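Enquirer: Show me the folded form of this:
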Amino acid sequence: MLTTRRRFVKKLLTLSSYALSLGFSHISLANWLASNFSRQTISQSIAQLFPNQELQTSDRISLKLPNTAENGSVVPITISSTIPDVDTIYILSEKNPVPLIAQFSIDPELETYLGARFKMQETCDVIVVLKAKDQYFQARQKVKVTLGGCGG
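Expert: Numbers count the residues shown, from 1 in each chain. Model prediction:
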């Protein structure tokens, strides 16, 4: 009976501390995401996401995007790279009201490969930035949008 009670108290304390830490982390994470995904220009967004960083253009990033997107509401993208130790992938659209489309954290030991769909307001460059060992690499591709997806 004594060991059962001790196990119960131990599990109760563990779950309580986990619930408290989870609650506080969601509050701080929500504030962080809100500032990144706010209405701003592409230059403001890049300055906020990558302060004092040089974005190096790289040919080791492969983007598979349509040259012409018939519907800006559903633009497919596939990203792959031979850059080692990539831990974060950012996707930005130059003329969207909120330029940061997505931010993905990945394990640096994994091969860099990602597929997604996103919205574009109008014809512009799609910018993909990869972070690897505190260096930032970018690739751009222009996508022509025939029917706007972000309120257009």
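Enquirer: Next one: I61, what pLDDT does it get?
Expert: On pLDDT, I61 comes in at 97.
Enquirer: and if you look at the one 4 residues further on?
Expert: L65 is assigned 95 on the pLDDT scale.
Enquirer: so how far is L110 from R5?
Expert: According to Cβ to Cβ, to the nearest Å, R5 and L110 sit 44 Å apart. C-beta: built from backbone N, CA, C; applies to glycine.
Enquirer: what do you get for Q40?
Expert: Going from Q40 to L110 by Cβ to Cβ gives 31 Å.
Enquirer: Next: Q44.
Expert: Q44 sits at a distance of 31 Å from L110 (criterion: Cβ to Cβ).
Enquirer: and the longest strand for the protein?
Expert: strand 135-145 (DSSP state E).
Enquirer: Partner strands of it, with direction?
Expert: Neighbouring strands of strand 135-145 in its sheet, by DSSP bridges, are strand 55-57 (parallel), strand 68-69 (parallel), strand 124-132 (antiparallel).
Enquirer: list the contacts for the residue sitting nearest the centre point of the chain?
Expert: Nearest to the geometric centre of the chain sits Q103, at 0.7 Å (Cα atoms, centre = their mean). Neighbouring residues of Q103 by Cβ atoms under 8 Å, 6 or more residues apart in numbering: N36, T88, I89, Y90, I91.
Enquirer: By neighbours, which of these wins?
Expert: Highest neighbour count within the contacts of Q103, by other Cβ atoms under 10 Å: Y90, with 23 neighbours.
Enquirer: The host helix or strand of that residue packs against which elements?
Expert: Counting by DSSP states H and E, the element that carries Y90 is strand 86-93. When contacts are defined as 3 or more Cβ pairs under 8 Å, 6 or more residues apart in numbering; DSSP states H and E, strand 86-93 sits against helix 42-49, strand 75-81, strand 100-105, strand 112-118, strand 124-132.
Enquirer: at 10 Å what do you get?
Expert: Packing contacts for strand 86-93, counted by 3 or more Cβ pairs under 10 Å, 6 or more residues apart in numbering; DSSP states H and E, involve helix 42-49, strand 61-64, strand 75-81, strand 100-105, strand 112-118, strand 124-132, strand 135-145.
Enquirer: Cool, thanks, talk later.
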